[in-house]
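Visitor: Predicted model, plus sequence, below.
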Amino acid sequence: MNKEDAKKRIAELVERLNYYNKRYYVDNVSEISDYEFDRLMDELRHLEEAFPDLVFPDSPTQRVGSDLTKEFPTVRHRYPMLSLDNTYSEGELREFEQRIRRFLGLAATEPIEYVCELKIDGVSISLIYDSKGYLQRGVTRGNGVEGEDVTPNIKTIASIPLRIESREPLPAYVEIRGEVVLTKAQFQKLNEQRAMDGEPLFANPRNTAAGTLKLQDPQEVARRRLSCYTYFLLTEPAIVKSHWEALEQLAIWQLPVSPHARLCRNIDEVLSYVQEWEHKRHELPFETDGIVVKVNRYDWQEQLGTTAKSPRWAIAYKYKPEEAITTLEDVVFQVGRTGAVTPVAVLKPVQLSGTTVQRASLHNEDYIKKLDLHYGDWVRVEKSGEIIPQITAVEKHRRPADARPVLFPTHCPECGSPLKREPQEAAYFCPNAWECPPQIKGRIEHFAYRRAMNIEGLGERIIALLYDRGLVRNIADLYDLKAEDILQLEGFKERSTQNLLSAIEKSKQVPYPRVLYALGIRHVGETVAKVLAKHFPSIDALRKASKEELMQVPEIGEVIADSIRAFFQDPANVALIERLRRVGLQLEMPQEQHIQKNVLNGAVFVVSGTFSRFSREEIKDFIEQHGGVVKSSVSSKTDFLVVGEAPGASKLEKAEKLGVKIITEKELVNMCRQ
Ligand SMILES: NC(=O)c1ccc[n+]([C@@H]2O[C@H](COP(=O)([O-])OP(=O)(O)OC[C@H]3O[C@@H](n4cnc5c(N)ncnc54)[C@H](O)[C@@H]3O)[C@@H](O)[C@H]2O)c1
Ligand SMILES: [Zn+2]
């Protein structure tokens, strides 16, 4: 390539990679796969090596991708937080060893020990502990030089100790680094919940963890249940001489360390570790994208030093994304509870990363157009960091001559209504909310769902049966069901019929905030429903609220306000609510909760055990709404310990010792009634 062309290509790569970096680190979105990103990076690095005077200062090869957002205070790192050099080839691992030997002037016979660790696909974090062992700060990598202080969010992570317990005095400065992740199981749970709430699904655990760490509401962060693994210890003065000892020290201090790290005596053992984990890593509870290899001895690490972007004593070996090639048999267009239409590719079954893949996500119309997808096409399917397989490319040269292009339907595949596309949104939806079967069934499923009305036994299958028999067309119909209706359903006997009826009956006691959530108003998830119920203590108050009044509530923005207004403007919804009122659903907060505002007068409460009338969150809210203060542990300042079933023994004991008054939930409710 001549210099002119190189210059053009370099400028183009710098611009594109900087753009992907911003999308990835700031917006937490991957527009291309990590593998493609790394290939472009590699191309840039090679060009820059060939034309060293064309290395721009803003080149992504020269700096760490920055996560700075200006939404959190920034903190300067005492030691820069760098990235890692990476490779996809085992040959380059051997070259890595050769470079180290040359740099340190070691003979070929001199053994070099390495520590191998799994490269966890999450977000790096730096934890600073003070000399008494208390967690002082949690800071993101930022641009490597300064990061963002996300301490309140970090404190929600259960496995990170708020205090290091140590018999020996701690060094004056303790910094621990690690990776914040979402486990695959937790990621799936969150997405199930989002599907229930009709919200767009998260793409993958890494980007979700990164986005979660940057939320402004630590309570929401806590709800998402992040995890953490630590793998770095920096202290002043130094207390260990090698990386392996550092990992041991972290374990002694009860920091979460991965049990799979291994001390390898030479590069061959490193390569075996790499091979050993290539497939086994899929069984781990979290996602990994490779292996990190670190020179064990600290004195050697120090001599090797760092480049502007990464240490010379470590390298990441990344596994190529596993890919399979198969044919596209069909595309189905699924209609969800909110009417959103999602295209899903039906593939000829093929093995990929140890599972049989038969379906792949196609996201939306734009994605299908970008792929230029045709029925019968040979397609490449990848599972890289994404749980749901993706079609990454079409093998156009193998396309059958008469192949028809995949076109997005103009009408709903379920009810035939013309589809609509919201301006600025990629997704199409079916506007026929009241008659489109999957939307009706989806709303009833959402209503019956555990965290909403919690109607036990009323799942997807039974709802489909009730719907197909014409017994239920909306949520209010559930309350008109008779024993003889249910008895005629397949699989129902006397007993199961009674159980279902009493589960439906029981749902009449579900408190108002959950009923509000169960109604399935778009954008009104669990948290928003609670906030709304607090400010508008009855459904009538909410119905009468203007857009402006709604938007005065913290956390309620224009989108939510519009959605609530639209819901109540539909007469069918108003009629439905009237029916729910007649059957006796809770459509307002209990009287005592909004009259007796300050009866508890600042008294300090601790709660323990499980309660029959409230969830853990609800009892805390209840106390606070009545002017009490809730603390998490019993001390001499505690006035009351409220005990439910199976209270914590240590709390009870402490309360008894300190003479704290112990009361039941019933007594608490009575106190608030006076
Ligand atoms: N898809 C995209 O659009 C896009 C954009 C930008 C970056 N990326 C991905 O991010 C990579 C660059 O990110 P990076 O600079 O954070 O480098 P990196 O992720 O390749 O490696 C460095 C990071 O690995 C993490 N890590 C996990 N386990 C570790 C362990 N045991 N020891 C040490 N570190 C460990 C640390 O957070 C560390 O900061 C790219 O190679 C690419 O894969 C993707
Ligand atoms: Zn429809």
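Guide: In hand now; what should we look at? Ligands and ions are numbered 1, 2, ... in the order given.

Visitor: doesn't N21 make contact with S30?
Guide: No: using C-beta atoms under 8 Å, S30 is not in contact with N21; the gap is 10.9 Å. Glycine gets a C-beta too; all of them are placed from N, C-alpha and C.

Visitor: Contact residues of this structure facing ligand 2?
Guide: Residues of the chain found near ligand 2 (C-beta under 5 Å from the ion) are 412, 414-415, 417, 430, 432, 436.

Visitor: between those residues, which is closest to V669?
Guide: Distances from V669 to those, taken as C-beta to C-beta, are shortest for C436 (43.5 Å).

Visitor: Contact partners for that closest one?
Guide: By C-beta atoms under 8 Å, 6 or more residues apart in numbering, the residues touching C436 are 335, 339, 412, 414-415, 417, 430.

Visitor: Can you classify the residue of the stretch 451-600 of the chain found nearest ligand 1 as helix, strand or coil?
Guide: At 26.9 Å from ligand 1, V559 is the closest residue in the stretch 451-600 of the chain, using C-beta to the nearest ligand atom. Secondary structure, DSSP: H, G, I helix; E, B strand; the rest coil: V559 is helix.

Visitor: so is T235 in a helix, a strand, or just coil?
Guide: Following three-state DSSP, the label given to T235 is strand.

Visitor: ditto for the one 5 residues further on
Guide: For V240, the assignment made with three-state DSSP gives coil.

Visitor: For burial, what's the neighbour tally of it?
Guide: For V240, the neighbour count with other C-beta atoms under 10 Å is 15.

Visitor: my read: it touches L233, true?
Guide: Yes: counting by C-beta under 8 Å, V240 touches L233, with 7.0 Å between them.

Visitor: shared neighbours of these two, which are they?
Guide: Counting by C-beta under 8 Å, 6+ apart, the residues touching both V240 and L233 are 246, 249.

Visitor: Report how many residues lie close to the nearest residue to R581 once chain neighbours are set aside.
Guide: Excluding its sequence neighbours, the residue lying closest to R581 (C-beta to C-beta, 6 or more residues apart in numbering) is L587, at 5.6 Å. L587 sits with 17 neighbouring residues when counted by other C-beta under 10 Å.

Visitor: L587 contacts P513, correct?
Guide: No: under the criterion of C-beta under 8 Å, L587 makes no contact with P513, lying 11.0 Å away.

Visitor: for the protein, which helix is longest?
Guide: Counting by DSSP state H, the longest helix found in the chain is helix 3-25.

Visitor: what's the following helix or strand after that one?
Guide: helix 34-50 (DSSP states H and E).

Visitor: What is that following helix packed up against?
Guide: With contacts defined as 3 or more C-beta pairs under 8 Å, 6 or more residues apart in numbering; DSSP states H and E, helix 34-50 has these neighbours: helix 3-25, strand 314-318.

Visitor: let's see 6 Å
Guide: Contact analysis of helix 34-50 by 3 or more C-beta pairs under 6 Å, 6 or more residues apart in numbering; DSSP states H and E lists helix 3-25 as its packing neighbours.

Visitor: what's the helix it packs on packed up against?
Guide: helix 34-50.

Visitor: buried set for the helix it packs on?
Guide: Neighbour counts using 16 or more other C-beta atoms under 10 Å place 34-38, 40-41, 44-45, 47-48 of helix 34-50 among the buried residues.

Visitor: number of nearby residues for the closest residue in space to K3 that isn't next to it in sequence?
Guide: Leaving aside its sequence neighbours, K3 sits nearest to F51 (C-beta to C-beta, 6+ apart; 6.3 Å). Around F51 there are 14 other residues, counting by other C-beta under 10 Å.
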